[in-house]
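A.B. asks: my questions concern the predicted model and sequence given below.
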Amino acid sequence: MKEKFYQYIQDLQDTIASGLEAIDGQAKFKEDIWKRPEGGGGRTRVIENGAVFAKGGVNISGVHGKLPKAMQSYFKVGDVDFFACGLSLVLHPKNPMVPTVHANWRYFEMYDSDGAIVDSWFGGGQDLTPYYLFDEDAEHFHQVCKTACDKHNEGFYPLYKKKCDEYFYNAHRGEGRGVGGLFFDYCKKSETMTMQHWYDFVTEVGDSFLQAYVPIVERRKNLSYTDEQKDWQEIRRGRYVEFNLVHDKGTLFGLKTNGRIESILMSLPPQVQWRYDHHPEPGTEEARLLKILKDPIEWV
């Protein structure tokens, strides 16, 4: 399974990067191939200073070796070997009317001293972080997520939408990072789902990404905006940074397994503001966004 999924994310990286370069029309992805001393490596692709995207990355990695002590405690296991691979992407557009987007699809295995697999699972999802909320954009994104889920199990969308709202949540702020999407983890073999079934589901979601995001970018990338709206975007980007550095499990895993720091932190936006005790005026679009982030709604 690991060879099959790693090949899939390599191909998906090519597909997504090509699609994003086409919509940007100016910038191209810079590629870095890197190796991890303990085993494995990855292929980082970063786009910057484009016509549409201020900064973004579409990265793949496949790492293996002894599970570090810090992660043994996290997973509540002993001295085991592991393999982990995945594709992780974040895109920060220039125009504050275009939402930031994040997605990740991954696979993990653990092995005993004889090299036998003792545990394996899939995880991933995709989520949208707008700065100015256009309801039709959130509805479109969630409908694509629901359609992908429903092909495999009609219970997946409501379950993984709820998990997304719960996971991408800045508890110290009492607000969501964005308007959600899907989040699933520890998707393991069961009586009803084989690992092939999970592979089919995860790749269905991965294949849906461009359909979920590109139409939103096309609708919003040429809208005009003010300096004040750009300021708001940068203030909200600060909340994005807070989540990634304080709460995100993927960032934690990368840092504790000696991952490549530039690839791990490519998710951080290029310009960010932190204003002291900043609150938008009641009745504004900024205030409406915050209200929904504090009390998530059903989009489809």
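C.D. replies: All right, it came through fine.
A.B. asks: list phi and psi for residue 153.
C.D. replies: phi -170, psi 120 (degrees, to the nearest 10).
A.B. asks: where's the nearest residue to it once chain neighbours are set aside, which helix or strand?
C.D. replies: Once flanking residues are discounted, residue 153 sits nearest to residue 201: 7.7 Å by CB to CB, 6 or more residues apart in numbering. (Each C-beta comes from the backbone N, C-alpha and C, glycine too.) Element membership for residue 201, per DSSP states H and E: helix 195-207.
A.B. asks: now do the buried residues in the helix or strand following that helix.
C.D. replies: For helix 195-207, the succeeding helix or strand toward the C-terminus, using DSSP H and E, is helix 209-220. Buried residues in helix 209-220, counted by 16 or more other CB atoms under 10 Å: 209, 210, 212, 213, 216, 217, 220.
A.B. asks: can you tell me how far the spatially most distant residue from the centre of the chain is from residue 81?
C.D. replies: In the chain, counting by CA atoms, centre = their mean, residue 114 sits farthest out from the average C-alpha position, at 34.1 Å. The gap separating residue 114 from residue 81 is 10 Å, by CB to CB, to the nearest Å.
A.B. asks: ok, now which ones touch the residue nearest to residue 153?
C.D. replies: Listed by CB atoms under 8 Å, 6 or more residues apart in numbering, the contact partners of residue 201 are 122, 149, 152, 153, 156, 187.
A.B. asks: can you tell me which of those residues are buried?
C.D. replies: Buried by 16+ other CB under 10 Å: 122, 149, 152, 156, 187, out of the contacts of residue 201.
A.B. asks: just the ones in strands from the residues you listed, please.
C.D. replies: Those of these mapping onto strands are 122, 187, per DSSP state E.
A.B. asks: of the buried ones among the contacts of residue 201, closest to residue 225?
C.D. replies: Proximity of these to residue 225 (CB to CB) peaks at residue 149, which lies at 33.5 Å.
A.B. asks: isn't that closest one up against residue 183?
C.D. replies: No - contact criterion CB atoms under 8 Å: residue 149 and residue 183 do not qualify, at 11.9 Å.
A.B. asks: anything in contact with each of the two?
C.D. replies: In contact with both residue 149 and residue 183: residue 160, using CB under 8 Å, 6+ apart.
A.B. asks: format the contacts of residue 201 as a markdown table; extra columns: pLDDT and distance to residue 163.
C.D. replies: Shown next, in a markdown table, are the contacts of residue 201 (pLDDT from 0 to 100; distance: CB to CB, whole Å):
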| residue | pLDDT | distance to residue 163 |
| --- | --- | --- |
| 122 | 98 | 14 |
| 149 | 98 | 12 |
| 152 | 98 | 16 |
| 153 | 97 | 14 |
| 156 | 98 | 10 |
| 187 | 97 | 11 |
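A.B. asks: residue 32: which of the residues you listed is nearest?
C.D. replies: residue 122 (26.0 Å).
A.B. asks: let me see the contact set for that closest one.
C.D. replies: Contact analysis of residue 122 by CB under 8 Å, 6+ apart lists 5, 105, 106, 107, 108, 184, 187, 195, 198, 199, 201, 202.
A.B. asks: could you list the residues in contact with the helix ranked longest in the chain?
C.D. replies: If you go by DSSP state H, the chain has its longest helix at helix 2-24. Here helix 2-24 makes contact (CB under 8 Å, 6+ apart) with 27-29, 43, 45, 47, 50-53, 56, 58-60, 62, 83, 85-87, 89, 91, 105, 107, 109, 122, 199, 202-203, 206-207, 209-210, 214, 217-218, 221.
A.B. asks: again with stretch 173-180
C.D. replies: 99-100, 127-130, 133, 138, 141-142, 161, 164-165, 168-170, 239-240, 242-243, 290, 292-294, 296, 299.
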